[in-house]
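Chemist: build me a structure from this.
(one chain, ligands or ions: 2)
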Amino acid sequence: MNTPERGLILIVDDTPTNIDIIREVLEEQGFDVAIAISGERALQQVAQEIPDLILLDVMMPGIDGFQTCQCLKSLPLIQNVPVIFMTALSDKDNKVKALELGAVDYVTKPFEAQEVLARVRTHLKLHRLTQTLAQEVNKKVSELQNIQMQLVQSEKMSALGNLVAGVAHEINNPIGFLNGSINNAKDYVKDLLDYVALYQQHHPNPAAPVQDKAEAIDLDYLQKDLSKLLDSMQGATDRIIGISTSLRTFSRADTEYKVSGNLHDGINSTILILKYRLKANKHRPEINVIQDYGDIPAIDCYPGQLNQVFMNILANSIDMFDEMTQSQSFDQLQAHPQQITIRTTADANQVQIQIADNGKGMTEEVRARIFDHLFTTKGAGKGTGLGLAIARQIAVEKHGGSLEVQSKLGRGTMFCIRLPIAG
Ligand SMILES: Nc1ncnc2c1ncn2[C@@H]1O[C@H](COP(=O)(O)OP(=O)(O)O)[C@@H](O)[C@H]1O
Ligand SMILES: [Mg+2]
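Modeler: Ligands and ions are numbered 1, 2, ... in the order given. Predicted coordinates:
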């Protein structure tokens, strides 16, 4: 009639009659029962199979119940298993001691079978509830951590986006003005030079001071060089305009809905933002970025989030290259240039972006954990351990794609992002 109860109860007692009484009630209710006739045996027993609850006699030859309890509680897998003491000693001190050692309860001899049963049930139930609660709490905590990391990163990215958009906007007016002015200047200079040429043609022999001045300023050279100078000034402003457009591509990429996005634009603008970190410094030569772009279609995506993926992966490679300068000299690095290769390819359904560095790679232990959130090998204040966890989340959850890594210690690391073409 009673549904059998589940659970393995370990009885630790040196008196066979005691064991028999309790075993009978427990087995009648459907519990599994294991027996240990001493503290030492109990410790061996739990190593074989973890019980759900332990009934522990206090007075035993060899190590007594108190010591046994202490040993049990020091085992990580056992420390949460509820222990109920069985004692003939009814004095208060012993009960207090038992509870202090981590026991959840005690029963006194001679046993009242129903009482033992009731206490066993209560503590099993409490234990199970506690465990469920702990699991729930852990789950909630990790959900919260997830949300928090998204917030931190999206906050950072939107701050960066604003900064970049602001800079691009501020650059735009003066550079537009400069570009226009150079065009006007070119016209004026051309007119002026034509005028001088005409003058020279019709007055081949000007007065001495005019001739002297022409020589002093090297008029022939000046006439040839001035137009070139203006052309290179215009080339420089064109480059700045290109940079500004790239910055705006990066900052405008933040969209709430999937849009059709060109990944090469995203990668290029991300590289531009990181350019200052790629440059040579006194510890190492410049990091080369090789862009081996295939013919890939635009894909349905959140371009801003994908920029974040590129940014997190590229920044990690740069961090790693910077770290390598601690063990390698400038000359050593010059002999083996640090490189990041970005290769894009596509098939009918998906595009693939491989970002590979020829750096120091990682150990298998590190590799296995890099996508865990909060996992970092970097010092406090340097790493957050969020970059790759977020990158993977963006690739997998937001885009239905994947992010995988391969790494060889001492050889380098390659990340491979795969994204479906039709979101
Ligand atoms: N290209 C790489 N080469 C070597 N190790 C890397 C590389 N990219 C990531 N890692 C390892 O992965 C860890 C986690 O990276 P990430 O999630 O971005 O967090 P963080 O950069 O804040 O440490 C890094 O601390 C580093 O140990
Ligand atoms: Mg990182």
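
Chemist: what about the strands in this structure?
Modeler: 8-12, 32-36, 53-57, 83-87, 105-108, 259-261, 288-293, 299-301, 339-346, 350-357, 402-408, 412-420 (DSSP state E).

Chemist: pLDDT score assigned to the closest residue in space to residue 296 that isn't next to it in sequence?
Modeler: Once flanking residues are discounted, residue 296 sits nearest to residue 346: 4.2 Å by CB to CB, 6 or more residues apart in numbering. To be clear about C-beta, it is placed using only N, CA and C from the backbone, and glycine gets the same treatment. Model confidence at residue 346, given as pLDDT, is 97.

Chemist: so what's residue 346 bridging to?
Modeler: Applying DSSP bridges to residue 346 yields these beta-bridge partners: residue 351.

Chemist: averaged pLDDT, the longest helix along the chain. What do you get?
Modeler: Longest helix in the chain by number of residues (criterion: DSSP state H): helix 113-202. Mean pLDDT, computed over helix 113-202, is 89.

Chemist: try stretch 379-391
Modeler: For stretch 379-391, mean pLDDT is 85.

Chemist: likewise stretch 297-316?
Modeler: Here the average pLDDT along stretch 297-316 is 94.

Chemist: do stretch 83-101 as well
Modeler: On average, stretch 83-101 scores 84.

Chemist: how about that stretch: buried residues?
Modeler: 83, 84, 85, 86, 87, 89, 94, 95, 97, 98, 101 (16 or more other CB atoms under 10 Å).

Chemist: may I have the phi/psi pair for the last one?
Modeler: Pointing back at residue 101 there. Backbone torsions of residue 101, given as degrees, to the nearest 10, read phi -80, psi 0.

Chemist: residues in contact with the residue lying closest to it once chain neighbours are set aside?
Modeler: Excluding the flanking residues, the one nearest residue 101 by CB to CB, 6+ apart is residue 69, at 4.7 Å. Contact analysis of residue 69 by CB atoms under 8 Å, 6 or more residues apart in numbering lists 56, 83, 85, 98, 101, 102, 103.

Chemist: show me which of those is closest to ligand 1.
Modeler: Of all these, ligand 1 sits closest to residue 102, with 38.2 Å by CB to the nearest ligand atom.

Chemist: give me phi/psi at the closest one?
Modeler: phi 110, psi 0.

Chemist: hey, where'd the helices end up in the stretch 201-350 of the chain?
Modeler: Listed in chain order, the helices of the stretch 201-350 of the chain (DSSP state H, counting those that start in this stretch) span 208-216, 219-252, 263-278, 303-324, 330-335.

Chemist: now for residue 129, how many residues are close by?
Modeler: 10 (other CB atoms under 10 Å).

Chemist: residue contacts, it?
Modeler: Residue 129 neighbours (CB under 8 Å, 6+ apart): none.

Chemist: then residue 405?
Modeler: Residue 405 is in contact with 367, 370, 371, 413, 414, 415, 416, counting by CB under 8 Å, 6+ apart.

Chemist: which pair in those spans the largest distance?
Modeler: Using CB to CB, the contacts of residue 405 reach their maximum pairwise distance at 371 and 414, which is 14.7 Å.

Chemist: could you find the closest non-adjacent residue to the residue of the stretch 51-200 of the chain found nearest ligand 2?
Modeler: At 10.3 Å from ligand 2, residue 153 is the closest residue in the stretch 51-200 of the chain, using CB to the ion. With sequence-adjacent residues excluded and distances taken as CB to CB, 6+ apart, residue 153 is closest to residue 390, at 5.1 Å.

Chemist: beta partners for residue 54?
Modeler: Here residue 54 sits in beta bridges with residue 10, residue 83, as judged by DSSP bridges.

Chemist: pick out the residue of the protein closest to ligand 2.
Modeler: The minimum distance from the chain to ligand 2, using CB to the ion, falls at residue 387 (3.0 Å).

Chemist: ok, that residue touching residue 309?
Modeler: No - using CB atoms under 8 Å, residue 387 is not in contact with residue 309; the gap is 9.2 Å.

Chemist: which of the two has more neighbours?
Modeler: residue 309 (28 against 23).

Chemist: what score does residue 2 have for pLDDT?
Modeler: Value for residue 2, per-residue pLDDT: 48.

Chemist: ugh, wrong one, I meant residue 249
Modeler: For residue 249, the pLDDT comes out at 80.

Chemist: what about it, how many residues nearby?
Modeler: With other CB under 10 Å as criterion, residue 249 counts 21.

Chemist: who in the stretch 101-250 of the chain is up against ligand 2?
Modeler: Contact residues, the stretch 101-250 of the chain versus ligand 2 (CB under 5 Å from the ion): none.

Chemist: nearest spatial neighbour of the one residue in the stretch 101-250 of the chain that gets nearest to ligand 1, skipping sequence neighbours?
Modeler: Distance from ligand 1 to each residue of the stretch 101-250 of the chain (CB to the nearest ligand atom) is smallest for residue 149, at 9.8 Å. Nearest non-adjacent residue to residue 149, counting by CB to CB, 6+ apart: residue 386, 4.6 Å away.

Chemist: distance check, residue 392 against ligand 1.
Modeler: Residue 392 sits 9 Å away from ligand 1, taking CB to the nearest ligand atom, to the nearest Å as the criterion.

Chemist: neighbours around that residue, how many?
Modeler: Residues near residue 392, counting by other CB under 10 Å: 23.

Chemist: residue 327 too?
Modeler: Neighbours around residue 327, by other CB under 10 Å: 8.

Chemist: so who does the nearest residue to residue 271 once chain neighbours are set aside touch?
Modeler: In space, and not counting its chain neighbours, residue 271 is closest to residue 289: 5.9 Å by CB to CB, 6+ apart. By CB under 8 Å, 6+ apart, the contact set of residue 289 is 271, 278, 339, 340, 341, 342.

Chemist: who's in contact with the closest residue to residue 372 other than its chain neighbours?
Modeler: Sequence neighbours aside, residue 389 is the residue nearest to residue 372 in space, at 6.5 Å (criterion: CB to CB, 6+ apart). By CB under 8 Å, 6+ apart, the contact list for residue 389 reads 149, 371, 372, 373, 374, 375.
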